[in-house]
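Asks: sequence below, structure please.
(2 chains)
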Amino acid sequence: GGIITQTPKFLIGQEGQKLTLKCQQNFNHDTMYWYRQDSGKGLRLIYYSITENDLQKGDLSEGYDASREKKSSFSLTVTSAQKNEMAVFLCASSRVHWGETLYFGSGTRLTVL
Amino acid sequence: GQQVQQSPASLVLQEGENAELQCNFSSTATQLQWFYQSPGGSLVSLLSNPSGTKHTGRLTSTTVTKERRSSLHISSSQTTDSGTYLCAIDRNSNNRIFFGDGTQLVVKP
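Replies: Have a look, this model is predicted:
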């Protein structure tokens, strides 16, 4: 088995601050994803990566940067935190592409003051 | 517009009753998955079912691709089934995945 670890679990920042969320997986999966989930809503794709150093924009990439420097890790940066983006950020991975089973981390809850 | 629509938004059942959850999507889906999100927030994949019928345990999913709909049937519901059920599609096998807003299920003892 494997695990996806997201850090931190809770992130509190000031409006305008640059904030970084981290995700590590030990499945040796090729593809990794970052999603944002607003309260009571489904998930929206921010960025994904199909291999080391690859980055693909999702539907919600504006205001975010991502980095996949190693196969096992995928980080997400909020370039300038805004109050309307308080949400849970979920990292996921799959073996090749998402048609395979998608595994999720437990999330990072972002609060912007 | 919303790519994936789920109904009902919420459902309350007594333990032992069956649940029927619906997922409709606005474009052809090459892949479709059902996920369970626990009240604590963690997400697990339940079934991958782009077409036809699949069973696993008390879960049955039926997807009619040309009608752009899928259902998830939970038989003999248990209190531990409580949580949110999310449907997600991939339109063109390009890893652009669209999630519905989910059905929140509450099973009472």
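Asks: use CA for all of it now, contacts and neighbours both
Replies: Fine.
Asks: in chain A, which spans are strands?
Replies: Assignment of strands within chain A using DSSP state E yields the ranges A:4-7, A:10-13, A:19-25, A:31-37, A:43-49, A:56-57, A:64-70, A:73-78, A:87-94, A:103-104, A:108-112.
Asks: also chain B?
Replies: B:4-7, B:10-14, B:19-25, B:31-37, B:43-48, B:52-56, B:59-64, B:69-74, B:83-90, B:97-99, B:103-108.
Asks: related to what we said a few turns ago, can I get the strands of chain A in a markdown table with mean neighbour count and distance to B:G16?
Replies: Below are the strands of chain A laid out as a markdown table (neighbours: other CA atoms under 10 Å in any protein chain shown; distance: least, CA to CA, whole Å):
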| stretch | mean neighbour count | distance to B:G16 |
| --- | --- | --- |
| strand A:4-7 | 20 | 34 |
| strand A:10-13 | 15 | 37 |
| strand A:19-25 | 21 | 37 |
| strand A:31-37 | 25 | 31 |
| strand A:43-49 | 24 | 30 |
| strand A:56-57 | 15 | 44 |
| strand A:64-70 | 17 | 45 |
| strand A:73-78 | 21 | 42 |
| strand A:87-94 | 25 | 32 |
| strand A:103-104 | 24 | 29 |
| strand A:108-112 | 19 | 34 |
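Asks: those residues of chain A touching chain B, which are they?
Replies: Applying CA under 8 Å from any CA of the partner chain, one finds that chain A approaches chain B through A:40-45, A:58, A:97-99, A:101-107.
Asks: quick one: buried ones out of those?
Replies: A:42-45, A:58, A:97-99, A:101-107 (16 or more other CA atoms under 10 Å in any protein chain shown).
Asks: so who does residue 102 touch?
Replies: No chain was given, so I picked chain A. Shown in contact with A:L102 (CA atoms under 8 Å, 6 or more residues apart in numbering or on different chains): A:92-94, B:44-45.
Asks: oops, chain B please
Replies: By CA under 8 Å, 6+ apart, B:G102 lies in contact with A:41-42, B:6-7, B:9, B:84-87.
Asks: do that again at 6 Å, thanks
Replies: Going by CA atoms under 6 Å, 6 or more residues apart in numbering or on different chains, B:G102 touches B:6, B:84-86.
Asks: how close does the closest residue to A:G1 other than its chain neighbours get to chain B?
Replies: Nearest-residue entry for A:G1: A:F27, 7.3 Å, with adjacent residues in sequence omitted and distances by CA to CA, 6 or more residues apart in numbering or on different chains. Shown here: A:F27 relative to chain B, a distance of 15 Å by CA to the nearest CA, to the nearest Å.
Asks: pull the number of nearby residues for A:F27.
Replies: The number of residues packed near A:F27 is 15, by other CA atoms under 10 Å in any protein chain shown.
Asks: do the same with B:A88
Replies: For B:A88, the number of neighbouring residues by other CA under 10 Å comes to 26.
Asks: you'd agree it is up against B:Q33?
Replies: Yes - look at B:A88 against B:Q33 with CA atoms under 6 Å: they come within range, at 5.3 Å.
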